[in-house]
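Trainee: have a look at this prediction, sequence included:
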Amino acid sequence: MSVAALRGWTSSHRSFREPSALPGFGITFGFAVSYLSLIVLLPLAVLLARAADLGLDGIWRVATTPRVLAALQVSFFISAAAALVNAVFGSIAAWVLVRYEFPGKRLLDAMIDLPFALPTAVAGIALAALYATNGWIGSLFAPWGIKIAFTPWGILIALIFIGLPFVVRTVQPVLQDLDREVEEASATLGASRAQTVFRVVLPALLPALLTGVALAFARAVGEYGSVIFIAGNMPFVSEIAPLLIVTKLEEFDYAGAAAIATVMLAISFLALLAINGLQAYSRRRLGHA
Amino acid sequence: MRDGVLTEGRPVRWTLLGLTLVFLALFLVLPLAAVFTEALRRGVGVFLEAFADPDTQAAIRLTLLVAAIAVPLNLVFGVSTAWAVAKFEFPGKSLLVTLIDLPFSVSPVVSGLVYVLLFGAKGLLGPLVDDWGFKIIFAVPGIVLATVFVTFPFIARELIPLMHEQGTAEEEAALTLGASGFRTFLTVTLPNVRWALLYGVLLCNARAMGEFGAVSVVSGHIRGLTNTMPLQVEILYNEYNFVGAFAVSTLLAGLALVTLGAKSLLEWRYGDGLARTRRH
């Protein structure tokens, strides 16, 4: 057998991973992929198959019935609004936590993750109690005839709560790593502090900020637990898309539930694509993720 | 250093700090305080009475049981996935890592829905499961499955970046010195990642015990049988038993606070033992 043929033989029979001295690749990789397939991929494939039974026009028909359309709009627009509120206040909070010193800073920093750790049902009833007309905050607005809980404003409150950590936690590390010399250079060249912040610092933070906003938005679109307690759940007014999936399931309309779920998956998929695009863009521009 | 050149002027600083404090008070501190004050609104006696309810006790037991199954399953998955992904190079690796994160980008309701479509009465495997006299949906196995789905990525994503950073040199040294593969893992790899592992387990556990949407879809809300603590909170709340609902909530809020405290402690004390490039 010629050397070339031998080389061809060995390379075609080489394992598909790169050679390594460590053992255990086969079993851990095999287990990881089987577990992932059984728990996540197979069930999601069944969902898509169920939606595919309807065909694209079937999904379109379900998604454009007035009630579903209204719920998708409520979910979509209020999630976007909540993400924008978090973009503003989340960046301010990140700025304050990184740049300023004040007593209780470490405690406040730890508190930021509360929406990740607090079960959504608990958050939901707590926010409903706070923002109801007889609650601590709701009672401040009630004299002006403003109702927050059990209206779309309630949904906004819940979605701001849920998305709050995303912006802070994506902006914070980038702000920490930011080179202060750039700001010094900007100041030396005669820029005012506002010019430095808005024209030097903010552009550097922008990719992280947008990533945080996209993450908060994606999370908000799918959020269920915290919203249903404070929303009032009025069809056409304050009914969110995930709630409509539950309603369809309770009516044993599996196909309808699968269709709405597919539309929502498509929205989160687009958000994820946007995130990946932003991260690739920021890596190219700033040389780090 | 003069104010307003390299840092903001005093008025701006105070305004930003004030805004942050008000925003975080409105959205973080007050909701947490509301849980405890609402629970204690009618005194400690009524608060404690809420836990005498047998349905509430059953819900607490079920929550502990579900977490006791889901967390170890995801622990084994997380460790083996991290080993395969962080210590070896193979094609399709980034796809695998992306797929692991998938449950995070799926609505909790959809996470429950997929199992209803698979095992429900009108689901793909529903009739088959029924023939075997086995119940998954509206029963404990469905709750466990939905919880496993939702908490799936937590441990793997804490371990992968850290184990990747640490490389394979130490393991190779242990193997050269004659240790078996398993012993190498136990005595070299595991001690290196123990804090990240603990951190992942904590987050996974908090989510497993607190999951609402996914579990709500598959549980069927059968009192005393398929209600976890978050579902019990919903039922009590919808029955206008606010003290009861908030009393159960204090347990979950307490769990959240313990998780946050442990997380901060780990980050502060053992920051080096956690991955630097962890994505939140």
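Mentor: Received it, and whenever you're ready, just let me know what you need.
Trainee: now do A:F229: how many residues are near it, please.
Mentor: 27 (other C-beta atoms under 10 Å in any protein chain shown). Heads up, the C-betas are built off the backbone N, CA and C, glycines and all.
Trainee: over to A:R193?
Mentor: 18.
Trainee: next one: A:Q195
Mentor: 13.
Trainee: the closest residue to it other than its chain neighbours: what's it in contact with?
Mentor: With sequence-adjacent residues excluded and distances taken as C-beta to C-beta, 6 or more residues apart in numbering or on different chains, A:Q195 is closest to A:S186, at 7.3 Å. Residues near A:S186 by C-beta atoms under 8 Å, 6 or more residues apart in numbering or on different chains: A:Q195, A:T196, A:R199, A:V200.
Trainee: hmm, who's touching the helix or strand containing the first one?
Mentor: In this assignment (DSSP states H and E), A:Q195 forms part of helix A:193-196. Residues outside helix A:193-196 that contact it (C-beta under 8 Å, 6+ apart) are A:E183, A:S186, A:A187, B:G4, B:V5, B:L6, B:T7, B:E8, B:G9, B:V12.
Trainee: scan the contacts of A:S186 and report the most crowded one.
Mentor: For those, neighbours tallied by other C-beta under 10 Å; top is A:T196, 21 neighbours.
Trainee: near chain B, anything from stretch A:159-179?
Mentor: Yes: on the criterion C-beta under 8 Å from any C-beta of the partner chain, stretch A:159-179 is in touch with chain B at A:I160, A:F161, A:L164, A:P165, A:F166, A:R169, A:T170.
Trainee: centroid residue for chain A?
Mentor: A:L215 (2.7 Å; C-alpha atoms, centre = their mean).
Trainee: could you export the helix or strand hosting that residue as PDB, CA atoms only?
Mentor: A:L215 belongs to helix A:202-222 when assigned by DSSP H and E. The C-alpha coordinates for helix A:202-222 follow below in PDB (Å, rounded to 0.1, in the frame of the first residue of the first chain):
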ATOM      1  CA  LEU A 202     -21.800  55.500  24.800                       C
ATOM      2  CA  PRO A 203     -20.800  54.300  21.300                       C
ATOM      3  CA  ALA A 204     -18.500  51.800  23.100                       C
ATOM      4  CA  LEU A 205     -21.400  50.600  25.200                       C
ATOM      5  CA  LEU A 206     -23.900  50.400  22.400                       C
ATOM      6  CA  PRO A 207     -23.400  46.800  21.300                       C
ATOM      7  CA  ALA A 208     -23.700  45.500  24.900                       C
ATOM      8  CA  LEU A 209     -26.700  47.800  25.500                       C
ATOM      9  CA  LEU A 210     -28.500  46.500  22.400                       C
ATOM     10  CA  THR A 211     -27.700  42.900  23.400                       C
ATOM     11  CA  GLY A 212     -29.200  43.500  26.800                       C
ATOM     12  CA  VAL A 213     -32.300  45.200  25.200                       C
ATOM     13  CA  ALA A 214     -32.700  42.300  22.800                       C
ATOM     14  CA  LEU A 215     -32.400  39.700  25.700                       C
ATOM     15  CA  ALA A 216     -34.900  41.600  27.800                       C
ATOM     16  CA  PHE A 217     -37.300  41.900  24.900                       C
ATOM     17  CA  ALA A 218     -37.100  38.100  24.100                       C
ATOM     18  CA  ARG A 219     -37.600  37.300  27.700                       C
ATOM     19  CA  ALA A 220     -40.600  39.700  28.000                       C
ATOM     20  CA  VAL A 221     -42.400  38.300  24.900                       C
ATOM     21  CA  GLY A 222     -42.500  34.900  26.400                       C
END
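Trainee: ok so, going back, out of the contacts of helix A:193-196, which end up buried?
Mentor: A:E183, A:S186, A:A187, B:V5, B:E8 (16 or more other C-beta atoms under 10 Å in any protein chain shown).
Trainee: circling back: farthest pair within the residues of stretch A:159-179 next to chain B?
Mentor: A:F161 and A:T170 (17.2 Å; C-beta to C-beta).
Trainee: how many neighbours does whichever residue of the stretch 51-200 of chain A sits closest to chain B have?
Mentor: Nearest to chain B in the stretch 51-200 of chain A, going by C-beta to the nearest C-beta, is A:P119, at a distance of 2.9 Å. Neighbourhood size, A:P119 [other C-beta under 10 Å]: 25.
Trainee: let me see the contact set for the closest residue to it other than its chain neighbours.
Mentor: The spatially closest residue to A:P119, leaving aside those adjacent along the chain, is B:G210, at 2.9 Å (C-beta to C-beta, 6+ apart). Neighbouring residues of B:G210 by C-beta under 8 Å, 6+ apart: A:A117, A:L118, A:P119, A:T120, A:A121, A:V122, B:M229, B:P230, B:L252, B:L255, B:A256.
Trainee: am I right that A:A142 is in contact with A:G135?
Mentor: No: the criterion here is C-beta atoms under 8 Å, and A:A142 misses it with A:G135 at 9.1 Å.
Trainee: ok, the residue of the stretch 151-280 of chain B found nearest chain A to B:A50 distance?
Mentor: In the stretch 151-280 of chain B, the residue that lies nearest chain A is B:G210 (2.9 Å; C-beta to the nearest C-beta). B:G210 sits 18 Å away from B:A50, going by C-beta to C-beta, to the nearest Å.
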